[in-house]
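**Q** Have a look; sequence and predicted model below, questions after that.
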Amino acid sequence: MRWFASLVSEAYRILLRGGVYLYPADVRPGYGLGRLRLIYEAHPIALCIAQAGGEATDGVRRILDPSCDDIRRRVPLVFGSTTTVRSTFEQIFRREGVKASFIEGDAFHRFDRLEMRARIAEEEAAGNRHFSHFGPEANLLDVLEGVFETYARTGTGKTRTYVHDDREAKQFGVEPGNFTAWRDFSSRTRICCSMRACMARW
């Protein structure tokens with residue numbers, strides 16, 4: 001554990017060496033909604049982390065999602081690689097005795113690896129050099145929305161896994177760069193999390 005008391009320095013170290021940054025809300029006066037300012041501290045750092053392929057969240061939603069209605073608005077902040085952020089929340093839920101289902105954002109990509117390469121080449125040939133994994137055209141956002149809507153009503157839902165490497169290929173029996181089949185996740189959980197949002201059922 002290291003603490004520089006400098007958000008930029010912490011972000012720089014995490015980008016170079018990995019790790020996770022945690023500045024949650026707590027019960028101290030003035031800290032109940034978090035301490036960092038959304039518009040000129042959390043938002044810029046979250047944008048850099050997202051461009052590097054990581055995630056930044058306030059514990060409920062992505063930091064980049066909420067609009068700012070007050071220049072002094074404060075938020076909690078957690079950021080790092082998607083794997084590290086997920087592991088952090090798994091530890092928190094385990095400590096608090098909360099059973100959670102996790103769904104991964106890349107499970108809702110529209111294209112597998114070869115399809116994505118072909119689509120990027122097509123878009124570049126047409127003059128679009130901004131097509132990427134992060135755009136709405138490359139993701140099944142309507143399906144993801146449906147998962148959360150179904151979970152809110154029934155406590156169940158479906159997800160799948162994007163297989164990144166040989167280790168995961170051995171685990172799931174699918175070649176790297178492809179998706180597993182859709183599967184149900186547990187109905188005995190109180191919260192469903194992706195690294196973009198969490199939905200609780202109490």
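**A** Received it, and whenever you're ready, just let me know what you need.
**Q** in this protein, which spans are helices?
**A** 7-17, 43-51, 82-96, 113-125, 141-154, 166-172 (DSSP state H).
**Q** Quick check: which of the ones you listed is buried the most?
**A** helix 43-51 (a mean of 17; mean count of other Cβ atoms under 10 Å). Placement of C-beta: from N, CA and C, glycine included.
**Q** if we can go back for a sec, which of the helices of the chain comes out lowest on mean pLDDT?
**A** Mean pLDDT is lowest for helix 82-96 out of the helices of the chain, coming in at a mean of 81.
**Q** domains in the protein, as residue ranges please.
**A** 7-96, 100-200 (automatic domain parsing).
**Q** just to revisit the earlier point, kindly reformat the helices of the chain as JSON lines containing distance to Ser186.
**A** Below are those laid out as JSON lines (distance: least, Cβ to Cβ, whole Å):
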{"stretch": "helix 7-17", "distance to Ser186": "31"}
{"stretch": "helix 43-51", "distance to Ser186": "29"}
{"stretch": "helix 82-96", "distance to Ser186": "13"}
{"stretch": "helix 113-125", "distance to Ser186": "28"}
{"stretch": "helix 141-154", "distance to Ser186": "11"}
{"stretch": "helix 166-172", "distance to Ser186": "18"}
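**Q** out of these, which comes closest to Gly32?
**A** Across the helices of the chain, Gly32 has its closest neighbour in helix 82-96 (17.7 Å, Cβ to Cβ).
**Q** Could you check the angle the closest one makes with helix 43-51?
**A** Put simply, helix 82-96 runs at 110 degrees to helix 43-51, going by axes from the mean of the first three to the mean of the last three Cα atoms, to 10 degrees.
**Q** So which elements touch helix 82-96?
**A** With contacts taken as 3 or more Cβ pairs under 8 Å, 6 or more residues apart in numbering; DSSP states H and E, helix 82-96 sits against strand 20-23, strand 55-57, strand 77-80, strand 100-102, strand 191-193.
**Q** The third one pairs with which strands, parallel or anti?
**A** It stands for strand 77-80. With DSSP bridges as the test, strand 77-80 is paired with strand 20-23 (antiparallel), strand 55-57 (antiparallel).
**Q** can you list the ones you listed in TSV and add distance to Tyr12, mean neighbour count and mean pLDDT?
**A** Putting the strands paired with strand 77-80 into TSV (distance: least, Cβ to Cβ, whole Å; neighbours: other Cβ atoms under 10 Å; pLDDT from 0 to 100) gives the following:
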stretch	distance to Tyr12	mean neighbour count	mean pLDDT
strand 20-23	11	18	89
strand 55-57	15	24	87
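**Q** can I get those strands in CSV with distance to His109?
**A** Listed next are the strands paired with strand 77-80 as CSV, based on distance: least, Cβ to Cβ, whole Å:
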stretch, distance to His109
strand 20-23, 24
strand 55-57, 15
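**Q** Mind checking the ones you listed for the one nearest to Ser6?
**A** strand 20-23 (11.1 Å).
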